[in-house]
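Q: Model the structure of this input:
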Amino acid sequence: MSKKINDLFGSMRMMLPEHRTAIIDHGEESGLQAKPDVDEDDFGEMCFRIYDSTQYDYSITVKWFQKVKGSLGTLEESWGIVKEIDVNRKQFKLVSDWDSEWIKIESLVSVTK
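A: Okay, the predicted model is just below:
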């Protein structure tokens, strides 16, 4: 009962739908970042490690950029073994103990052993 009395005017506050979407959009953009630049030599080395993972069956850690809104997005990271490379779609399949996902080669940020 005392909780309702203390927050009497806060619970009666009205918000327009446009204002609510603006607040949500602002909150989403605060955690987003632009895609990091990847050097051409580093990109070649990352592709080599991905191919090596398929040949010698060892695990790698892959970090890639996931677009969320416009040119902004988040960095995703996963660990596993590359089981398949799709040259036509320019992506590869990273398989771990609990998950498997297709990652686009253009969105790579880093690949480590």
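
Q: Which residue ranges of this structure form helices?
A: Taking DSSP state H as the test, the helices found in the chain are 2-6, 17-30, 40-56.

Q: Least confident of these, on average?
A: Among these, helix 2-6 carries the lowest mean pLDDT, a mean of 55.

Q: which residues sit against stretch 106-113?
A: Residues from elsewhere that reach stretch 106-113, judged by CB atoms under 8 Å, 6 or more residues apart in numbering: 35-36, 38, 42-43, 45-46, 49-50, 58-67, 75, 90. The C-beta positions use only the backbone N, C-alpha and C, and glycine is treated the same way.

Q: Taking these, please make a PyMOL selection of just the buried ones.
A: To isolate the buried members of the contacts of stretch 106-113 in PyMOL, using 16 or more other CB atoms under 10 Å:
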select buried, resi 35+46+49+50+60+62+63+64+65
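
Q: Could you check what's spatially nearest to V111, not counting adjacent residues?
A: Leaving out its chain neighbours, the residue that sits closest to V111 by CB to CB, 6 or more residues apart in numbering is M46, at 4.1 Å.
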